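> Sequence and predicted structure are below.
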Amino acid sequence: MAKKTYDLLFKLLLIGDSGVGKTCVLFRFSDDAFNTTFISTIGIDFKIKTVELQGKKIKLQIWDTAGQERFHTITTSYYRGAMGIMLVYDITNGKSFENISKWLRNIDEHANEDVERMLLGNKCDMEDKRVVPKGKGEQIAREHGIRFFETSAKANINIEKAFLTLAEDILRKTPVKEPNSENVDISSGGGVTGWKSKCC
Amino acid sequence: MDQSVAIQETLAEGEYCIIAVQGVLCEGDSRQSRLLGLVRYRLEHGGQEHALFLYTHRRMAITGDDVCLDQIVPVSRDFTLEEVSSDGELYILGSDVTVQLDTAELSLTFQLPFGSHTRMFLQEVARACPGLDPATRDPEFQWLSRYRCTEMEPLPRGGNSALGTWPGCARIGGGRYPSGEGRWGLEEARLQGWALLCVGGVVMELPGFLLAEAAAGADPWGSAGGAVRRRDEELEEAAEMSAAAGSRDRDSSGGSHLDNLRPNGKGLFVDQSSRGQDKPENLLTRQTKSKLEITDMVRSSTITVSDKAHILSMQKFGLRETLVKSYLMQKEEDYTYIQNFRFFVGTYNVNGQSPKECLQPWLSHGIQAPDVYCVGFQELDLSKEAFFFHDTPKEEEWFKAVSESLHPDAKYAKVKFIRLVGIMLLLYVKQEHAAHISEVEAETVGTGIMGRMGNKGGVAIRFKFHNTSICVVNSHLAAHTEEYERRNQDYKDICSRMQFCQVDPSLPPLTISKHDVILWLGDLNYRIEELDVEKVKKLIEEKDFQTLYAYDQLKTQVAAKAVFEGFTEGELTFQPTYKYDTGSDEWDTSEKCRAPAWCDRILWKGKNITQLSYQSHMALKTSDHKPVSSEFDIGVRVKNEELYRKTLEEIVRSLDKMENANIPSVSLSKLEFCFQNVKYMQLQVESFTIHNGQVPCQFEFINKPGEESYCRQWLNANPSKGFLLPDSAIEIELEIFVTKTMATKLNSGEDKIEDILVLHLDRGKDYFLSVSGNYVPSCFGSPIHTLCYMREPISDLPLETVRELTLMPLWTEDDGSQLENPMEIPKELWMMVDYLYRNAAQEEDLFQQPGRRLEFEHIRDCLDTGMIENLDTLCILHHSVAEALLLFLESLPEPVICYSAYHNCLECSGNYTASKQVISTLPTFHKNVFNYLLAFLRQLLENSEKNHLDENILASIFGSLLLRNPAGQQKLEMAEKKAQEFIHQFLCNSP
């Protein structure tokens, strides 16, 4: 008999320097596709994908943010309410790796305290252009006590695994609860909101 | 029928059960049978008090042993018992009566059977209510104290202490059950089937038992000890009996396993190790813990639901679930294949007899082991007890008899068991199929006396076998040859009133017709018409069943589409199954001498059904009917799990895709906007287009965090919000316009032409629009002292110098040593005044005519570049220069008469000497400007014959420019008047 499973919604966020491949990582996960043309994300985009974990249907709402520095003050305001943040760097771009600590600070300052973090070293298919050794990524992840994957959106390496792992980590600390949304007024508010839904 | 006798046996001296009624206690979704007894107690000093005693009860509440006190509700002043109509339900004559019991502490809902007895009960209760007459004493219910726990506080109020009183004693007053799970009424448990008795420990959970056990030896339960003992014995017996009866069943453990699969979780398969041994204390701690957990859940859920996006999607998920289901249904053929299963369907009217012979000839002889057994009985028990109390020992006997006679080549698991008085239906499947049975529901519909009672009617079990929904109906329709229309009506009533709950409570209940396969069996009671008994018997002897069949009522009624529409019946190749002398194959020899008839029939409806046999079984002689059986091969849709998973994944993927495609998305013709050389009060516009995608969308520029507007003061988007239809576009203009309030900060570099706009789509993405540019500093918006230090035109100065000078504090002049010879007044002011003095002193309506916008821009450029000669050569309106002068004064960040002197000026307006004194305290440059301007204005007044200016006009124009309220915009008439008066003095008096 089909037990009633409780559906959950996890809001995830992709952050990291411009050009590290955040949009491609998302596109690979949501549409299982890859596009080589680089179009810088100017704004906030999101996609949804439903996954099943431990018999629960979980809807992932994944927010892709603009990586350009000039937008940082704005993008950090989208951190609030994210349950998981994927911090992406490019293994062929040393600067993007150096900025990791800055991004981590951003998370500390702007995201929910209990947000699940994850570090991704993207473009790991480009071994010949690698400048950031895998060990360095592992080390910084270890120092901050977060998970780490080297991924390639292009070669589809570890993308799904990374998202599912992050979702699992969130699920693990999500108390299983009765859905009581019937009692909640849903008429107010326009659904997907960034800082507009600030409640304090 | 009066069960008050049983209750009376449990009562103490002085207590009298006036009337009792059997009802159903409705708590949420749970339905539990309760015996309600109205008990009267005569007080010693006269008068009487009443209480409603609620009992759980055993199958036949004939003696006090059969009932167990569950709860006592004193009939106090706040006690009401009222008939209510349940929400949204049409009142049907003859349907159950729903009553609501309310006191200050509790609220219970009961369903009582329709009829005069219930009416009488309600009347008695109403009579027992003490009413509101203040003259009568408030009832004290001291006599009820015997039912309370001695160690407990008196009457538990509000139900909080109900936990404490349970399970040691009956609860009095309010209080809810700590948990609905793990305990159920006997009635319900019995319906669930025999597994209960196999698992002895479960009975420990029954509140009635706990009550009896705890109360054993206690005062009012003098006989309770005996009751307990008897009950224990019974349990053992029952367990033994069922062990013998359902050995196969139990080996397979399929029965309980299946019940455990029930969606509501009330499976009978109970973990004995934890439950059965639970002591009351353990129960208590468990309850407490779960309560804590619940609070926790509530708390945490409120946190998460504060996220609006979350809520919305929760809502959407309901829709999604439905979509997934309907897509799965649509694509059923992609992931299922048809597989035949052998079904055995049997029906037997046993005429109230107990099983006396082996049922194997009917159920298993000469056939291969079927996959599914559907076995129906009618007239299982003809006793009054069975009719009135819905309970009979026969069901156990026949269940056992059937279980023992199932095909020996296979192990069977009981799926479900349902009985309505004498109509019983049993469903078994081969053990290996048990895991593929789901969504099992059983219901009954009575169509007997008053159209409701269970002496006639139907029972049904519906379930899903693999992916095919199947409904099996066993009915016993109205009797007597002439009553065929009544039979037709019974059939229709069963069809319309038989409703099964769905797993998803939001879905409407299922009816019989909503199933892929319907198997209908039973004593349908249709007779042979228009032939006399002898003729019938003769045809039977000749085995001319075809001729006989022509006179069969069912045949004619089906042909007339009056009943069983869409159903099929196999050819009747056996002789009528009714009516025989019991124990023989002889036709009825009783006085009534009933004509033989094919009462017992099996019909079906649905696809992929092949009937393999349809026969009666003459070997069985227990009843006046012969049993009938039919074998079917039924094509059932079986899931290919791998294909199913694939299909499901595809559906989820396509729904995700759909949802992603439904996220509003637009394309913008431009994301970067650069405004070159933005000048003071010169509008610049850049436009871009929003092209909408396929989803209607609402767009709006939204505020960035911590900001009060979506963009800087000097910027404006037009329109800033709107709605776009699919594939439509809109042009948005970004306008830059710098005015006095922003100019100073742009000069000083405190502000820049730089901004990011956030274009937000409702339920969709956000886009960032970058605005950049450079501002050309102007004398407009520059402070007086800054301009005095600028010996060169502002445009010739490096931006850095402009910045520094603009930020220079007002009172730096005393320290002027570091800076080179400031000018006495801003050269730009001199240029305008000098121009007007030279060219427009006699101009009519000077300062009262508007200038030209474009000419203002020229004047501004002349002033900022120092091209003073251009003013003369450009041939511009004098009025434009006059207006520029006013704009210049207006744009000064610190007015000519400094804000700090404002109030002093107002105070001494009218006192020229004091006024002059205030002017003398102004910073030098401001003082200079004031004196210079006033001197100029007085000059103008000398030409008043030509230019028609007078002191009042000039005072009113310049009053509010030279004297500005530091508080800002609020213009007080009094203050303005005083400001004018202040200027007026200086216009009239030469210094």
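Everything's here; your move.
> pLDDT below threshold where in chain B?
Scanning chain B for pLDDT under 70 picks out the ranges B:1-2, B:59-61, B:85-95, B:131-136, B:149-318, B:389-390, B:812-820, B:968-971, B:991.
> Tell me how it divides into domains.
Residue ranges for each domain of chain B read B:4-206, B:219-250+B:297-330, B:332-642, B:894-991, as given by automatic domain parsing.
> from those, which stretch is densest packed?
Of all these, domain B:332-642 carries the top mean neighbour count, a mean of 20, counting by mean count of other CB atoms under 10 Å in any protein chain shown. (Each C-beta comes from the backbone N, C-alpha and C, glycine too.)
> Let's test this: mean pLDDT of stretch A:115-131, rounded?
When pLDDT is averaged along stretch A:115-131, the result is 96.
> Restrict stretch B:320-332 to CA atoms and write it as PDB.
Provided in PDB are the C-alpha atoms of stretch B:320-332 (Å, rounded to 0.1, in the frame of the first residue of the first chain):
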ATOM      1  CA  ARG B 320       1.200  17.300  -9.000                       C
ATOM      2  CA  GLU B 321       0.300  14.100  -7.300                       C
ATOM      3  CA  THR B 322      -3.000  14.100  -9.100                       C
ATOM      4  CA  LEU B 323      -1.300  14.700 -12.400                       C
ATOM      5  CA  VAL B 324       1.200  11.900 -11.800                       C
ATOM      6  CA  LYS B 325      -1.700   9.600 -11.000                       C
ATOM      7  CA  SER B 326      -3.600  10.400 -14.100                       C
ATOM      8  CA  TYR B 327      -0.600  10.200 -16.300                       C
ATOM      9  CA  LEU B 328       0.200   6.800 -14.800                       C
ATOM     10  CA  MET B 329      -3.300   5.800 -15.600                       C
ATOM     11  CA  GLN B 330      -3.000   7.000 -19.100                       C
ATOM     12  CA  LYS B 331       0.200   5.200 -19.700                       C
ATOM     13  CA  GLU B 332      -0.900   2.000 -17.900                       C
END
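> which ones are touching A:Asp45?
A:23, A:26, A:63-64, B:765 (CB atoms under 8 Å, 6 or more residues apart in numbering or on different chains).
> Mark which of these are part of helices, please.
Judged by DSSP state H, helices contain the following of the contacts of A:Asp45: A:23, A:26.
> quick revisit: relative to chain A, which of the domains of chain B is closest?
Comparing those against chain A with CB to the nearest CB, the closest turns out to be domain B:219-250+B:297-330 (3.7 Å).
> As CSV, the domains of chain B with distance to A:Tyr89 would be great.
Listed next are the domains of chain B as CSV, based on distance: least, CB to CB, whole Å:
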stretch, distance to A:Tyr89
domain B:4-206, 51
domain B:219-250+B:297-330, 28
domain B:332-642, 39
domain B:894-991, 50
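> and of the contacts of A:Asp45, the nearest to B:Trp587?
B:Trp587 lies nearest to A:Leu26 out of these, by CB to CB, at 82.2 Å.
> so how far is B:Phe768 from that closest one?
With the distance defined as CB to CB, to the nearest Å, A:Leu26 ends up 18 Å from B:Phe768.
> Looking at those two, which one has more neighbours?
A:Leu26 (25 against 21; other CB atoms under 10 Å in any protein chain shown).
> thought the more buried one was touching A:Leu14?
Yes: contact criterion CB atoms under 8 Å: A:Leu26 and A:Leu14 qualify, at 6.0 Å.
> joint contacts of these two?
A:62, A:64.
> List the buried residues in the top helix by length along chain A.
For chain A, the helix with the greatest residue count under DSSP H is helix A:159-172. Going by neighbour count (16 or more other CB atoms under 10 Å in any protein chain shown), the buried part of helix A:159-172 is A:159, A:162-167, A:169-171.
> is chain B contacted by it?
No: Helix A:159-172 is not in contact with chain B by CB under 8 Å from any CB of the partner chain; minimum separation 11.5 Å.
> Show me what that helix is in contact with.
So helix A:159-172 is contacted by A:8, A:10, A:12, A:25, A:28-29, A:49, A:51, A:53-54, A:56, A:58, A:60, A:62, A:83-84, A:86, A:116, A:118, A:120, A:147, A:149, A:151-153 (CB under 8 Å, 6+ apart).
> Would you list the buried entries among those?
Counted by 16+ other CB under 10 Å, the contacts of helix A:159-172 give A:8, A:10, A:12, A:25, A:28-29, A:49, A:51, A:58, A:60, A:62, A:83-84, A:86, A:116, A:118, A:120, A:147, A:149, A:151-153 as buried.
> Contact distance from chain A - what residues of the stretch 451-600 of chain B qualify?
B:Val503.
> for the stretch 451-600 of chain B, what spans make up the strands?
Secondary structure of the stretch 451-600 of chain B by DSSP state E, counting those that start in this stretch: the strands cover B:457-465, B:468-476, B:499-500, B:510-511, B:517-523, B:568-569, B:600-606.
> out of the contacts of helix A:159-172, who's near chain B?
Within the contacts of helix A:159-172, those near chain B by CB under 8 Å from any CB are A:Lys49.
> Let's see which of the contacts of helix A:159-172 end up in strands.
Among the contacts of helix A:159-172, the members found in strands (DSSP state E) are A:8, A:10, A:12, A:49, A:51, A:53, A:56, A:58, A:60, A:62, A:84, A:86, A:116, A:118, A:120, A:147, A:149.
> Taking the buried residues of helix A:159-172 together, which two end up most distant?
Pairwise distances across the buried residues of helix A:159-172 peak at 18.7 Å for A:Ile159 and A:Leu171 (criterion: CB to CB).
> Stretch B:654-662 and chain A in contact?
Yes: in terms of CB under 8 Å from any CB, part of stretch B:654-662 sits within range of chain A, namely B:655-657, B:659-660.
> Weed out the non-buried ones from those residues.
B:655-656, B:659.
> can you pull the buried residues of the helix or strand hosting B:Val685?
For B:Val685, the host element (DSSP states H and E) is strand B:684-692. With burial defined by 16+ other CB under 10 Å, the residues of strand B:684-692 counted as buried are B:684, B:686, B:688, B:690, B:692.
> Now the first one: closest residue in space that isn't a chain neighbour?
In this structure, B:Gln684 finds its nearest non-sequential neighbour in B:Ile736, 4.6 Å apart by CB to CB, 6 or more residues apart in numbering or on different chains.
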